[in-house]
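1. build me a model:
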Amino acid sequence: MTVRIGTRGSDLALWQAHWVAEQLAPETDVELVVIKTKGDAIDKLPLSKVEGKAFFTAEIERALLDSEVDLAIHSHKDLETECDPALAVVAVPARGPVQERLLMTSAAHDPSAPLLPLAEGSKVGTSAPRRRVQLLALRPDLELAELRGNVPTRVQRLREGRYDAIVLAAAGLERLKLDVGGLVTRDLDPGLFVPAPAQGALAVQVRVADTELTALLQRVMHDETTLAEVSAERWLLRRAGGGCHMPLGSLVRPAEDEQPGRAVSKAVGSGTAAMASDAAQPAGPQTDAAAPASESADPAGDASSDDAPPAESAGAYEARVFLGAGHPQEADPSRWIEARGDTPQQAASNAWEQIESGGATGAGPLSGLQIALVGSAEGGSGIGARLEELGARVRHEKVLAFRDVKAPELPARLARLKPGDVLAVTSREAANRLSGHRVPSGVEVAAVGPGTAHALSASGIRATLVGKGGARALAARIEVREGGRVLFPSALEARPELPNALRARGIQVDPIALYRTVAADQPELAEDADVVVYMSPSSVAVAV
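-> Modelled structure (predicted):
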């Protein structure tokens, strides 16, 4: 018989199709059928603006259902978690490299930069929501720009200077053996820059009724170990309710102390440029569900479902997950999650339990660090939230206390503010002491950061300008009407950065002290912190 393989026409898709054809060649004749998908036709639009699902697979699956082709080959990460029940992914070859690869111009490469070796403010091209959110979680200073097109096109656009860097799947670069000479390349640790579920894997899909072809595919190219890992990764995506737009990365693999002895079977597309920590990863295509067609009832083509875990390999496994802010609950921050289990599915289930529990997980780039924030022991600080997001364990240590300063003139001074004037607040303590006071309409309320803005909101005042770079940066953004003024409620011993910067611009500043800072009666200082951050000069004066 002749097996017709449906595939996209990109270089990488054709590599995948030719690889499958080579595995089948000793057993049967093969014909490639190139099919253009919606994702190929609209490659100028950002993925986030494209309506619908299955951008790169729907047309191929339709051809399979209509018997125009006998077999479809997909990049497994492009498949939706649910598909037509008449189709099944029945073979999952051993996966290729799982990690992401960062490609940079030499000018953008900065090996001393934090978390990613990119110069501050570098312009990074990517269209994947997971990559975008993860890049900004690691480096908020980066400028992100849309990048679509096939792998060679993306690399060429980097060479043309449209971007300072791009992020691509290492598997695709390895399989195409693409020339990246002249560019700086770095493989990103998949435990920290978590790849897409099933990254590096292929999915071989057929009609459920085609049992003869199913048996052939499972015999010549299926890898049960990869199936178990990929099914667990996709189970996490399904539980999160996600698809292409979900900012979720997941990787399930033997725990680090188990990886050196891991067997590699039927590996495909392995490369020599992978980092040493990834050298033991099997390389090549893979899928989700390789059970016989009669057993592949899961619409996603996975052997697993929420109620029936996939077939699993022996050994201790770890799940690494990244989930962007707002998932599963709107108030949730971006988080890294790590979990262990005796099987791939158990590791994934344990990771999901952490996700559902909410709060800090202790996983991420700063995992294992104990960081003490020394000040007034207030939770909710922006720096504390940021450190916890990156995996640090944060403690708030109290060395300061605050005492009210009588300010009977405050209501009158607020009432004298006119439209175009500004109320500038640079501390939560000042914001707290504005509770119950009215700010006249038309007056701009400037907060030094989100924490202060939140405190103002709790006091019944909405910040109309929220800074993010400190008092001096806020002063640079404040604009007042001609002849206007800025009312500055603060501590008695407040630092002068904001009023000095405003006065240097000729703006009148009226300070008013609402509280003073004193040493706490019984300072609370732990001795086992790895890093100590003093939240203010007053904290240093008291604690050191």
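
2. only the buried residues of stretch 105-117, if you could.
-> Across stretch 105-117, burial judged by 16 or more other C-beta atoms under 10 Å covers 105, 108, 109, 115, 116, 117. Any C-beta I mention is one placed from the backbone N, CA and C, and that applies to glycine too.

3. can you tell me the element the fourth one falls in?
-> Assigned by DSSP states H and E, residue 115 belongs to no helix or strand.

4. wait, it sits on residue 365?
-> Yes. Using C-beta atoms under 8 Å, residue 115 is in contact with residue 365, at 5.5 Å.

5. shared neighbours of the two, anything?
-> Common contact partners of residue 115 and residue 365 (C-beta atoms under 8 Å, 6 or more residues apart in numbering): 138, 192.

6. quick check, nearest of the buried residues of stretch 105-117 to residue 342?
-> Closest to residue 342 out of the buried residues of stretch 105-117 is residue 115 (32.0 Å), distances taken as C-beta to C-beta.

7. return the residues in contact with that closest one.
-> Residue 115 sits next to 138, 139, 192, 365 when contact means C-beta under 8 Å, 6+ apart.

8. alpha carbons of stretch 356-367, as CSV, please.
-> Taking Å, rounded to 0.1, in the frame of the first residue of the first chain, the C-alpha atoms of stretch 356-367 are listed here in CSV:
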residue,chain,number,x,y,z
GLU,A,356,-4.4,25.5,42.8
SER,A,357,-3.2,26.3,46.3
GLY,A,358,-2.1,29.7,45.1
GLY,A,359,0.7,31.9,46.6
ALA,A,360,4.4,31.6,46.4
THR,A,361,5.9,28.3,45.5
GLY,A,362,9.6,28.7,46.3
ALA,A,363,10.5,27.7,42.7
GLY,A,364,12.2,29.9,40.1
PRO,A,365,15.5,31.6,39.4
LEU,A,366,16.0,32.6,43.1
SER,A,367,14.8,29.2,44.5
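
9. mind listing what's buried in it?
-> Residues 360, 361, 362, 363, 364, 365, 366, 367 are the ones in stretch 356-367 that count as buried (16+ other C-beta under 10 Å).

10. cool, and stretch 248-255?
-> Neighbour-count burial for stretch 248-255 flags 248, 249, 250, 251, 252, 253, 254 (criterion: 16+ other C-beta under 10 Å).

11. was I right about the fourth one contacting residue 319?
-> Translated: residue 251. Yes. Applying C-beta under 8 Å, one finds residue 251 in contact with residue 319, separated by 7.3 Å.

12. okay, and the helix or strand of the protein with the least pLDDT?
-> Least confident helix or strand of the chain, by mean pLDDT, DSSP states H and E, is helix 38-41 with a mean of 60.

13. one step back: put together TSV for the buried residues of stretch 356-367, with secondary structure and distance to residue 85 on each row.
-> What follows is these, written out as TSV (DSSP: H, G, I helix; E, B strand; the rest coil; distance: C-beta to C-beta, whole Å):
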residue	secondary structure	distance to residue 85
360	coil	40
361	coil	36
362	coil	41
363	strand	36
364	coil	39
365	coil	42
366	coil	45
367	coil	41
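
14. ok, which pair from those residues is furthest apart?
-> Within the buried residues of stretch 356-367, 360 and 365 form the most distant pair, 13.5 Å apart (C-beta to C-beta).

15. so where's this protein shaky on pLDDT?
-> 38-55, 244, 257-315, 359, 378-381, 524 (pLDDT under 70).

16. could you list the domains of it?
-> Residue ranges for the domains of the chain, per automatic domain parsing: 2-97+197-357, 370-399+522-543, 402-519.

17. quick revisit: and the helix or strand following the least confident helix or strand of the chain, what does it pack against?
-> For helix 38-41, the following helix or strand on the C-terminal side (DSSP H and E) is helix 58-65. On a contact count with 3 or more C-beta pairs under 8 Å, 6 or more residues apart in numbering; DSSP states H and E, helix 58-65 meets strand 2-7, strand 71-75, strand 87-91, strand 202-207.

18. strands along the stretch 301-450 of the chain, start to end?
-> Remark: strands assigned in the stretch 301-450 of the chain by DSSP state E, counting those that start in this stretch are 317-323, 335-341, 370-375, 393-398, 400-404, 422-425, 444-447.

19. which residues does the third one contact?
-> Taking C-beta under 8 Å, 6+ apart as the criterion, the residues outside strand 370-375 that touch it are 381, 383-384, 387, 392-400, 525-526, 528-536, 538-539, 543.

20. buried stuff in it?
-> Result for strand 370-375 [16+ other C-beta under 10 Å]: buried residues 371, 372, 373, 374, 375.

21. let's have the residues you listed in JSON lines, adding distance to residue 452.
-> Output for the buried residues of strand 370-375, formatted as JSON lines (distance: C-beta to C-beta, whole Å):
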{"residue": "371", "distance to residue 452": "21"}
{"residue": "372", "distance to residue 452": "22"}
{"residue": "373", "distance to residue 452": "16"}
{"residue": "374", "distance to residue 452": "19"}
{"residue": "375", "distance to residue 452": "14"}
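
22. farthest pair in these?
-> Pairwise distances across the buried residues of strand 370-375 (C-beta to C-beta) peak at 12.7 Å, for the pair 371 and 375.

23. what's the most distant pair in the buried residues of stretch 248-255?
-> Within the buried residues of stretch 248-255, 248 and 254 form the most distant pair, 21.4 Å apart (C-beta to C-beta).

24. residue 540 versus residue 487, what's the distance?
-> Counting by C-beta to C-beta, to the nearest Å, the separation of residue 487 from residue 540 is 29 Å.

25. tell me which of these two has more neighbours.
-> Taking neighbours as other C-beta atoms under 10 Å, residue 487 and residue 540 compare with residue 487 leading, 21 against 13.

26. what's in contact with whichever strand or helix holds that one?
-> Using DSSP H and E, residue 487 sits within strand 485-491. The contact list for strand 485-491 (C-beta under 8 Å, 6+ apart) reads 402, 410, 413-414, 417, 421-427, 429-430, 433-434, 478, 480, 494, 498-499, 502, 507-517.

27. thank you, goodbye.
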